[in-house]
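Trainee: coordinates only, no sequence provided:
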C-alpha cells in the first residue's frame, strides 16, 4: 500500500471484523440460551434429549441440493481469497 | 428339516399369478434384490429359487438367526415369516450365532458357501459380501447409537436380557367344556368374564393405538418443523456466503485495479544513457 489511508482497505477489514464478531456473539448466545433452557428442569432435559435424537435422525439427503450449493460457494470463496495473494493481500 | 404342525410352507402356485409389482415386493420381502427391468420370467425364477431355498433350509437354523437378531416372532412362526424377518437383519456381529444359523444366514444373503466351510471362512465371506455403503451406514449407526445410548439411556438399566418369543395365540376352551368343568353358572360366569376381559383388552388396544397414532403424528410434525428450520438456516448460510463471495470479488477487483495503477511506469530503453 502506498502512502495515506486506503478507504476500501479499511472498509474491508472493518466489515470482516464486525461481521465475524457479530456472527460469533449471536451464535454463542443462541447456543448458551438453548443449553440453559434444556438444563432448566427435568422436563426440559427430556425435551433436550428428544431434540438431540430428532436432530440425529435428520436425513442429510433431503438437503443435498442446498449443501452442494453451500460447498460450491465455500470453494469459490476460498479460491477468491487465495487469488488475493497475487494482488496485494500479502503486501 | 424339522418342521412343526402349523408351519406355513411357501406356496409356489400363487406366485406365478402375481403382477410384476407385487412379485417384486414379495421377492424383496424374502430378501431378494429385484428390479423392474428384469422380465417377469426372471423375477419368477428368482422368487421360486428363493422358495426352494426356504424348503431346503432348516427351520431351527432360521430360528437361531431370528433369536440372534432379536426379532419379535412366535416360536411357531413359519419359514416364510422367518425369512422376511431375516431379510431385514443387517447385523454383522456373528459371535452369538450358531454354526447352522450362520450357514442359513449366508445362504439367505446369497453368499456361496458349502457345509464343509469352516466358520471363520463363512464369516469372512459374509463380511466381504456386505455392500460398501451398507457398511458405512452400519458404522455410522453404530457411532450414533453409542452416542445416543450414552446420552439418553445412560441412567436406565440396560442389561442384555434373554430373548423371548412372542406369546402364541391362546385357544380358549369352549362354553360346553367350561360348563362341563365348572358347572352351569360357573361356566357361564367364566365365559362372561372372558368376554368382558376381551372387550376391555380390545378397548385398551384401541386406546393404545390411538395414542401411538397421536405420538407418530407429533413426531412427524416435529420432523417437518426440524426440516423447515434446517432449511431456513441453510438458506441464511447460503445468503451469507453469496454476500461474502460478492465482497471478495469486489475486493479482488479493487486489488487488481490498484495493483496496475500503483505499478511504476516502465522506462523507455532509448532514454537510458550509458555511463562514461
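Mentor: On my side now, so go ahead. Everything numeric here is computed off the predicted structure, so don't read it as measured data. Residues are numbered from 1 along each chain as shown, chains lettered A, B, ... in the order given.
Trainee: CA atoms for contacts and neighbours, from now on please.
Mentor: Fine.
Trainee: longest helix of chain A?
Mentor: helix A:7-38 (DSSP state H).
Trainee: report the next helix or strand after that helix in sequence order.
Mentor: helix A:42-56 (DSSP states H and E).
Trainee: now that next one and helix A:7-38, what's the angle there?
Mentor: Per axes from the mean of the first three to the mean of the last three Cα atoms, to 10 degrees, the angle that helix A:42-56 makes with helix A:7-38 is 130 degrees.
Trainee: now do helix A:42-56: distance to the chain's middle.
Mentor: 24 Å (Cα atoms, centre = their mean, to the nearest Å).
Trainee: which parts of the helix or strand just after that helix are buried?
Mentor: Once the chain leaves helix A:42-56, the next helix or strand it forms, by DSSP H and E, is helix A:64-83. Residues of helix A:64-83 classed as buried: A:66-67, A:70, A:73-74, A:76-77, A:80-81 (neighbour count, 16 or more other Cα atoms under 10 Å in any protein chain shown).
Trainee: and the most centrally placed residue in chain A, how far from residue B:241?
Mentor: Centroid-nearest residue in chain A, with Cα atoms, centre = their mean: residue A:23, separated by 6.5 Å. As judged by Cα to Cα, to the nearest Å, residue A:23 and residue B:241 stand 13 Å apart.
Trainee: same thing with residue B:131?
Mentor: 37 Å.
Trainee: next one: residue B:216
Mentor: 37 Å.
Trainee: do the same with residue B:234
Mentor: 10 Å.
Trainee: looking at the two, which has the bigger crowd around it?
Mentor: residue B:241 (20 against 17; other Cα atoms under 10 Å in any protein chain shown).
Trainee: how close does that one get to chain A?
Mentor: In this structure, residue B:241 and chain A are 6 Å apart, going by Cα to the nearest Cα, to the nearest Å.
Trainee: same question for residue B:43.
Mentor: On the measure of Cα to the nearest Cα, residue B:43 and chain A end up 30 Å apart.
Trainee: now for residue B:35: which residues touch it?
Mentor: residue B:24 (Cα atoms under 8 Å, 6 or more residues apart in numbering or on different chains).
Trainee: helix, strand or coil for it?
Mentor: Three-state call for residue B:35 (DSSP: H, G, I helix; E, B strand; the rest coil): coil.
Trainee: ok, it to chain A distance?
Mentor: 23 Å.
Trainee: from residue B:28, how far out is that residue?
Mentor: Distance from residue B:35 to residue B:28, by Cα to Cα: 10 Å.
Trainee: just residue B:210 next, same as before
Mentor: From residue B:210 to residue B:28 the distance is 30 Å (Cα to Cα).
Trainee: now residue B:60
Mentor: 23 Å.
Trainee: what sits against residue B:234?
Mentor: By Cα under 8 Å, 6+ apart, residue B:234 lies in contact with A:66-67.
Trainee: apply 6 Å and report the result again.
Mentor: With contacts defined as Cα atoms under 6 Å, 6 or more residues apart in numbering or on different chains, residue B:234 has no neighbours.
Trainee: mind listing what's buried along stretch B:94-104?
Mentor: Buried-residue list, stretch B:94-104, by 16+ other Cα under 10 Å: B:94, B:97, B:99-104.
Trainee: need the residues you listed in TSV with pLDDT, can you?
Mentor: Formatted as TSV, the buried residues of stretch B:94-104 follow (pLDDT from 0 to 100):
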residue	pLDDT
B:94	87
B:97	89
B:99	89
B:100	90
B:101	90
B:102	91
B:103	91
B:104	91
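Trainee: which one of those is nearest to chain A?
Mentor: Of all the buried residues of stretch B:94-104, chain A sits closest to residue B:94, with 26.9 Å by Cα to the nearest Cα.
Trainee: give the helix, strand or coil label for that closest one.
Mentor: Per three-state DSSP, residue B:94 ends up coil.
Trainee: one more: the one 3 residues further on?
Mentor: On the three-state scheme (three-state DSSP), residue B:97 is labelled coil.
Trainee: likewise the one 10 residues further on?
Mentor: Three-state secondary structure (criterion: three-state DSSP) places residue B:107 in helix.
Trainee: quick one: residues contacting it.
Mentor: Residue B:107 neighbours (Cα under 6 Å, 6+ apart): none.
Trainee: mind redoing it with 10 Å?
Mentor: Neighbour list for residue B:107: B:50, B:53-54, B:57, B:101, B:113-114, B:126 [criterion: Cα atoms under 10 Å, 6 or more residues apart in numbering or on different chains].
Trainee: now do the helix or strand hosting residue B:230, average pLDDT.
Mentor: Using DSSP H and E, the element containing residue B:230 is helix B:184-262. Computed over helix B:184-262, the mean pLDDT rounds to 88.
Trainee: hmm, residue A:68 and residue A:60 touching each other?
Mentor: No: the pair residue A:60 / residue A:68 is not scored as a contact, 11.1 Å apart, by Cα atoms under 10 Å.
Trainee: okay, now the nearest residue to residue A:76 once chain neighbours are set aside: neighbour count?
Mentor: Distance criterion Cα to Cα, 6 or more residues apart in numbering or on different chains; nearest residue to residue A:76, sequence neighbours excluded, is residue B:245 at 7.2 Å. For residue B:245, the count of nearby residues is 21 (other Cα under 10 Å).
Trainee: check residue B:254 too.
Mentor: Residue B:254: 15 neighbours (other Cα under 10 Å).
Trainee: ok, the nearest residue to residue B:238 once chain neighbours are set aside - contacts?
Mentor: Spatial nearest neighbour of residue B:238, excluding adjacent residues (Cα to Cα, 6+ apart): residue A:70 at 5.8 Å. By Cα under 10 Å, 6+ apart, residue A:70 lies in contact with A:64, A:76, B:234-235, B:237-242.
Trainee: same thing with residue A:45?
Mentor: Residue A:45 is in contact with A:35-39, A:51, counting by Cα under 10 Å, 6+ apart.
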